[in-house]
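Participant: below is the structure, and that's it, no one-letter string:
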C-alpha cells in the first residue's frame with residue numbers, strides 16, 4: 001500500500017512492510033502459531049527482527065514446520081545438523097531452547113493447558129491505551145516471562161516476551177499515526 005502512514009520500522013523493506021501491514025499486532029489465538037512466534041522471538045535476541053523475518057521460511061524448514069511434536073523429538077544429531085544450516089541463526093543455545101520449548105509446550109498440553117488460552121489469560125487486558133514511547137517490557141511481560149520460565153521455556157525474558165506480545169496482538173504498539181493503530 002502506498003500513501004499510507006505506517007510504523008517507521010516497517011519502511012524501506014518490502015518484506016518488513018508486508019509483515020507490518022498483514023501480521024504484526026494482529027491477534028493470534030492459534031496455540032501452535034503462538035508457539036512458533038515465541039520461538040522466533042527467542043532467536044531474535046541480540047539481533048533485529050528483520051534478520052529473523054528474512055530467515056523465517058528457512059527456520060520453518062529447519063524446524064519441521066514448527067510442529068512441536070516433531071521438534072520435541074529432535075536429538076543431538078539434529079542440533080548438529082541445525083548448527084550447519086546457514087539459512088537460520090546458528091546459535092546452539094537458541095536451537096536447544098527451541099527443542100526444549102517444544103517439549104514445554106507439549107507438557108502444558110498434556111496437563112490440559114491450552115497454550116493460547118493460557119498465554120492470553122496471562123497477558124490480561126493489556127491493549128496499551130496510552131500513546132507515546134513504547135516500553136521494552138511491562139509488568140505483564142515480566143509476569144508472563146516468569147511463568148514461561150517456570151514451565152521450562154528459555155529465551156523468554158521480559159523484553160522478548162513483550163516483543164512477542166506486540167507481534168501476536170496482545171498489545172497494540174503501532175505508532176500513533178499508523179494506519180494499523182487501533183482505537
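Facilitator: Good, I have the coordinates. Quick caveat, the model's predicted, so the values are computed rather than measured.
Participant: contacts for the helix or strand bottoming out on mean pLDDT in the chain, please.
Facilitator: Across the helices and strands of the chain, mean pLDDT, DSSP states H and E gives its lowest value to helix 115-123, namely a mean of 93. For helix 115-123, contacts defined as Cβ atoms under 8 Å, 6 or more residues apart in numbering pick out 28-32, 34-35, 105, 108-109, 140, 143-144, 147, 165, 170-171. From N, CA and C alone the C-beta is placed, and that goes for glycine too.
Participant: any of the residues you listed buried? List them.
Facilitator: 28, 31, 32, 34, 35, 105, 108, 140, 144, 165, 170, 171 (16 or more other Cβ atoms under 10 Å).
Participant: between the helix or strand containing residue 159 and helix 115-123, how many degrees?
Facilitator: Using DSSP states H and E, residue 159 maps to helix 158-167. Going by axes from the mean of the first three to the mean of the last three Cα atoms, to 10 degrees, helix 158-167 is angled at 110 degrees with respect to helix 115-123.
Participant: what sits up against helix 158-167?
Facilitator: 23-25, 37-38, 41-42, 44-45, 49, 123, 126, 134-138, 140-142, 144-145, 148, 170-171, 173.
Participant: hmm, back to that, now the helix or strand following the least confident helix or strand of the chain, how far from the centre of its chain.
Facilitator: As assigned by DSSP H and E, the chain's next helix or strand after helix 115-123 is helix 139-150. Distance of helix 139-150 from the chain centroid (Cα atoms, centre = their mean, to the nearest Å) equals 14 Å.
Participant: same deal with stretch 133-150?
Facilitator: 13 Å.
Participant: go on, stretch 82-89?
Facilitator: Worked out by Cα atoms, centre = their mean, stretch 82-89 lies 19 Å from the chain centre.
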